[in-house]
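Predicted structure and sequence below. I'll ask about it afterward.
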Amino acid sequence: MAEKFDLIGIHHINLLVRDLKTAKQAYRDAFNVEFIDEALPERGVLTSRFSVGESWLVLIEPIAEGEPMQQLRERGEGLFLLSLGVAQSGQTASIGSGMRGKVSKIRKGISDWRVADIQVGDEPRGQLQLAFCQTD
């Protein structure tokens, strides 16, 4: 039987925004938050995040063509994806076995987070993600 993922919490939630500066100001006006800014050129986005307890809320501004830009055009601002934290490091050989075609290749996200898209049942691909535990 294939290994199942051990959920440990909501790792982060990504929200698409048209303008990062404007969005950050709106969040500052509503909450006492400190932002961490980081570009992710391989995904064509600028990001700014803040902690919400043990989770992160990540504002994503697409600056180049790719999935985030396409989703912003099609759906507008708002929820882009939910990332579930899992106990596995992602280096385990059995990760994704038995779920062929449903878990994408693990890639590097902001702050060297190791993430992979996952499709559960008939949910749209790209709306749910796994964030693997750091091993170092």
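Yep, that arrived.

how about the strands of this structure, start to end?
7-16, 36-40, 45-52, 55-62, 78-86, 107-108, 114-117, 128-132 (DSSP state E).

Just send those back as JSON lines, with distance to residue 68, mean pLDDT and mean neighbour count too.
In this view, the C-beta of every residue, glycine as well, is placed from N, C-alpha and C. Shown next, in JSON lines, are those (distance: least, Cβ to Cβ, whole Å; pLDDT from 0 to 100; neighbours: other Cβ atoms under 10 Å):
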{"stretch": "strand 7-16", "distance to residue 68": "6", "mean pLDDT": "97", "mean neighbour count": "18"}
{"stretch": "strand 36-40", "distance to residue 68": "9", "mean pLDDT": "97", "mean neighbour count": "14"}
{"stretch": "strand 45-52", "distance to residue 68": "5", "mean pLDDT": "98", "mean neighbour count": "19"}
{"stretch": "strand 55-62", "distance to residue 68": "4", "mean pLDDT": "98", "mean neighbour count": "21"}
{"stretch": "strand 78-86", "distance to residue 68": "7", "mean pLDDT": "95", "mean neighbour count": "18"}
{"stretch": "strand 107-108", "distance to residue 68": "14", "mean pLDDT": "88", "mean neighbour count": "12"}
{"stretch": "strand 114-117", "distance to residue 68": "13", "mean pLDDT": "91", "mean neighbour count": "19"}
{"stretch": "strand 128-132", "distance to residue 68": "13", "mean pLDDT": "93", "mean neighbour count": "20"}
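
and residue 24, which of those is closest to it?
Residue 24 lies closest to strand 45-52 among these, at 5.6 Å (Cβ to Cβ).

what's that closest one packed up against?
helix 20-30, strand 36-40, strand 55-62 (3 or more Cβ pairs under 8 Å, 6 or more residues apart in numbering; DSSP states H and E).

got the CA coordinates for the last one in CSV?
Translated: strand 55-62. C-alpha atoms of strand 55-62 as CSV (Å, rounded to 0.1, in the frame of the first residue of the first chain):
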residue,chain,number,x,y,z
SER,A,55,0.9,29.5,9.1
TRP,A,56,1.7,32.1,6.4
LEU,A,57,-0.5,34.3,4.3
VAL,A,58,1.4,35.0,1.0
LEU,A,59,0.4,37.8,-1.3
ILE,A,60,1.4,37.0,-4.9
GLU,A,61,1.8,39.6,-7.7
PRO,A,62,2.4,38.0,-11.1
